[in-house]
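> Quick check, what structure comes out for this input:
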Amino acid sequence: QVLLEESGGGLVQAGGSLRLSCSPTSPMFDSWCIAWFRQAPGKEREFVAGIKWSDSATYYEDSMKGRFTISRDNSKETVYLQMDSLKPEDTAVYYCAAGLYGGSHFYGDFASWGQGTQVTVSS
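Below is the predicted model:
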């Protein structure tokens, strides 16, 4: 398994922005990817976006396109989730996860998880 460290959550007003960070603290394989999921109280964990470790190819949940951007800083080996135009319904615990790349949106396909970071958007 890969150990993942997350940071960057917090409280923001509607319309604001936040950037989350995810850093693997153990080696990643080129065939793996890093993904962001979120889970709101009483709801299932849902996929936000993913990025392939080898070439930084990205993929998104359709409803997340446009406001959320996943990227990777190769020099820092860190994956970011830039969140813009935030809405109260974006309030959730955000998790980064690592797993074999296959374009999956299903949380069960990801073997390693970070501890989660709380994002709260006030109206």
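> and stretch 7-22, how far apart are its ends?
7 Å (Cα to Cα, to the nearest Å).
> for that stretch, the distance to its chain's centre please.
Taking Cα atoms, centre = their mean, to the nearest Å, one finds stretch 7-22 lying 12 Å from the centre of the chain it belongs to.
> tell me the centre residue of the protein?
The chain has Trp36 as the residue nearest its centroid, 2.1 Å off, counting by Cα atoms, centre = their mean.
> so what's the backbone phi/psi at that residue?
Backbone torsions of Trp36, given as degrees, to the nearest 10, read phi -110, psi 130.
> residues contacting Gly8?
By Cβ atoms under 8 Å, 6 or more residues apart in numbering, the contact list for Gly8 reads 18-21, 117. (Glycine included, C-beta is placed from N, CA and C.)
> Could you rerun that using 10 Å?
Each residue near Gly8 by Cβ atoms under 10 Å, 6 or more residues apart in numbering is listed here: 18-22, 80-83, 94, 117, 119.
> Out of these, flag the one nearest to Ser54.
Compare each of the contacts of Gly8 with Ser54 using Cβ to Cβ and the shortest gap goes to Cys22, at 16.6 Å.
> Surely the closest one forms part of a strand?
Yes - with DSSP: H, G, I helix; E, B strand; the rest coil as the criterion, Cys22 is part of a strand.
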